[in-house]
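Participant: pasting the sequence and the predicted model now:
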Amino acid sequence: MPLQSRPSLLVITLMAVLPSVLPSVSANAGEVAPVVPVVWESPGCDYDKLGSVEITLGQRVSETTMDPNVPTVDYGRAMARLAEAAQARGANAVVLRQHQGVYFTLKGKRSREPVYVKLSGGAIRLTPEAMAKCPLMPVSVADLRERSRSEKAVNATSREAFEGG
């Protein structure tokens, strides 16, 4: 198959460690609001670290896929699943540490939403007193979506995109 007619996998990866302040997902414009807030940075007050949580949503798509209707992933749902994973560990907040969004491109047309999302963070527990002193500012699904879309796109094969991950 000629190189120019092969579909490619467009990968946008934000694997840089993010600062840690406690925002959660807002419930406006159809966004899902998790029970446990997802935040960018760790709070400035005392908290207990409960370990890491990680979720994946969607499927890894091969660059040879010719299906124009590859299922996409909703960021709100992904953040809600991360919050649920943190809550299962006993956390009352989760600090977002890493984000990976993978988009699929077929014949030069990129999917509007990612086909695969991986989120990881640190589950933490704050006392009610600490929660009162350190108000948490949630991560907005719209902000996360915009960060993913604004990063420089990288064309890669599925082998390159998913090596080591």
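Facilitator: Arrived safely, thanks for sending. On a predicted model such as this, the values are computed, not experimentally measured, just so you know.
Participant: state the mean pLDDT of whichever strand or helix holds Arg149.
Facilitator: Arg149 is located in helix 141-150, with elements delineated by DSSP states H and E. Per-region confidence: helix 141-150 scores 79 on mean pLDDT.
Participant: show me what that helix is packed up against.
Facilitator: Contact partners of helix 141-150 among helices and strands, from 3 or more CB pairs under 8 Å, 6 or more residues apart in numbering; DSSP states H and E: strand 8-14, helix 75-88, strand 93-106. (Glycine included, C-beta is placed from N, CA and C.)
Participant: buried residues in stretch 66-84, which are they?
Facilitator: For stretch 66-84, the neighbour count (16 or more other CB atoms under 10 Å) marks 70, 73-76, 78-83 as buried.
Participant: try stretch 51-69
Facilitator: So for stretch 51-69, counting by 16+ other CB under 10 Å, buried means 53, 55-58, 61, 63.
Participant: tell me the one of these nearest Trp40?
Facilitator: Of all the buried residues of stretch 51-69, the one with the least separation from Trp40 (CB to CB) is Val53, at 15.6 Å.
Participant: am I right that that closest one is in contact with Arg81?
Facilitator: No - taking contacts as CB atoms under 8 Å, Val53 lies outside contact range of Arg81: 9.5 Å.
Participant: residues in contact with Lys133?
Facilitator: Listed by CB atoms under 8 Å, 6 or more residues apart in numbering, the contact set of Lys133 reads Cys45.
Participant: no wait, Thr56
Facilitator: Thr56 touches 116-118, counting by CB under 8 Å, 6+ apart.
Participant: continuing past the helix or strand of the chain with the lowest mean pLDDT, what's the next helix or strand?
Facilitator: Least confident helix or strand, the chain: strand 8-14 with a mean of 35, by mean pLDDT, DSSP states H and E. Toward the C-terminus, strand 8-14 is succeeded by strand 38-39 as the next helix or strand (DSSP H and E).
Participant: tell me which strands that next one pairs with, and in which orientation.
Facilitator: strand 93-106 (parallel) (DSSP bridges).
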